[in-house]
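> predicted model follows, preceded by the sequence.
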Amino acid sequence: MTTTVEQTLLTDSGARTIGRTTLHGEVAARLRAMILEGELPPGAHIPEVQLCTEFGVSRTPLREALKVLASEGLVELLHSRGAIVKPISIREVADIFEVMAGLEVLNGRLVCERATDAQIDHLRGLHEQLGHHHRNGQRTEYFRLNQTIHGAIATVADNGVLLGLHADFSGKIRRARYIANMLQARWDESLEEHESFMTALLARDGELMGRRLGEHMHNTGVAVMRALREIAT
């Protein structure tokens, strides 16, 4: 039975206190971040003993966390041989980006129709913060906020089915998108594209917003596929 406890999770920068929540959920969150941001690359063996020491936990919550990540498609459990980070399928990623480009076109149209002025102001504030991260070379912070912005746009578009699809597919390609953002040229292009679709949003031009959001997702997909193929060779 899962219990709630006070626990301290150790990170490279020191101790980080976990509040009263499910311990394996906190461990899963930390492992998920390590996988999505490339600290544990595709195909890597999960070093359970090392992670238990680093996180300050026993094997039980770690293994429960691995089961959670396996259900999300991030980890592959090996019979009697621990677990590995699930390899990225290049074909699956390509297919998802094609679908995501279409979803973003619809998101762009709907958000311009349905967003309140306050919601647009909030998105503009997030965008300004994104530029700050870019200027200061904060790649990880930029990537996380980038994901937040796209999720916020999908939320403000106010279509539950569309939001569910967007969240599901975004999770499946998050690792691959992070790889592309490690390339300086694509990072610069990404910010320019964000500037472009935010300009359309502020003008409430749904057709232009949708087109630019779709193009942004397409261009990200092209960069991701190029990076993945280079890694595979």
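Happy to help now that I have it.
> the spatially most central residue of the chain: what's it in contact with?
Closest residue to the average C-alpha location of the chain: residue 174 at 4.0 Å, with CA atoms, centre = their mean. Residues near residue 174 by CB atoms under 8 Å, 6 or more residues apart in numbering: 36, 147. Where you see a C-beta, it was placed from the backbone N, CA and C, and this is true even at glycine.
> what's the answer for residue 157, then?
Residue 157 makes contacts with 106, 107, 110, 111, 114, 163, as judged by CB under 8 Å, 6+ apart.
> buried only: go through those residues for me.
Among the contacts of residue 157, those buried by neighbour count (16 or more other CB atoms under 10 Å) are 106, 107, 110, 111, 163.
> tell me how far the first one lies from residue 214.
This points to residue 106. Counting by CB to CB, to the nearest Å, the separation of residue 106 from residue 214 is 9 Å.
> mind checking the longest helix of the chain?
Longest helix in the chain, counting residues (DSSP state H): helix 206-232.
> pLDDT averaged over that one - what is it?
Mean pLDDT, helix 206-232: 92.
> in terms of secondary structure, what does that helix contact?
When contacts are defined as 3 or more CB pairs under 8 Å, 6 or more residues apart in numbering; DSSP states H and E, helix 206-232 packs onto helix 90-114, helix 160-181, helix 184-202.
> doesn't residue 92 make contact with residue 228?
No. Here residue 228 does not reach residue 92: they are 10.8 Å apart, not a contact under CB atoms under 8 Å.
> these two: which is more packed in?
It is residue 228, of residue 228 and residue 92, that has more neighbours when counted by other CB atoms under 10 Å, with 20 against 13.
> return the residues in contact with that one.
Going by CB under 8 Å, 6+ apart, residue 228 touches 88, 90, 93, 176, 179.
> next: residue 120.
Residues near residue 120 by CB under 8 Å, 6+ apart: 201, 202.
> and it, what element?
helix 117-135 (DSSP states H and E).
> just the angle for that helix relative to helix 184-202, thanks.
Angle between the axes of helix 117-135 and helix 184-202 is 160 degrees (criterion: axes from the mean of the first three to the mean of the last three CA atoms, to 10 degrees).
> what comes up buried for helix 117-135?
Across helix 117-135, burial judged by 16+ other CB under 10 Å covers 119, 120, 123, 126, 127, 130, 133, 134.
> please convert those to TSV, extending it with distance to residue 37 and pLDDT.
As requested, the buried residues of helix 117-135 are arranged in TSV below (distance: CB to CB, whole Å; pLDDT from 0 to 100):
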residue	distance to residue 37	pLDDT
119	28	98
120	29	98
123	24	98
126	20	98
127	22	98
130	17	97
133	14	96
134	17	95
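> out of everything not next to it in sequence, what's closest to residue 225?
With CB to CB, 6 or more residues apart in numbering as the criterion, residue 225 has its nearest non-adjacent residue at 5.7 Å, and that residue is residue 94.
> burial of that neighbour, as a residue count?
16.
> gap between it and residue 200?
Separation of residue 94 from residue 200 (CB to CB): 27 Å.
> now do residue 62
To residue 200, residue 62 is 45 Å away according to CB to CB.
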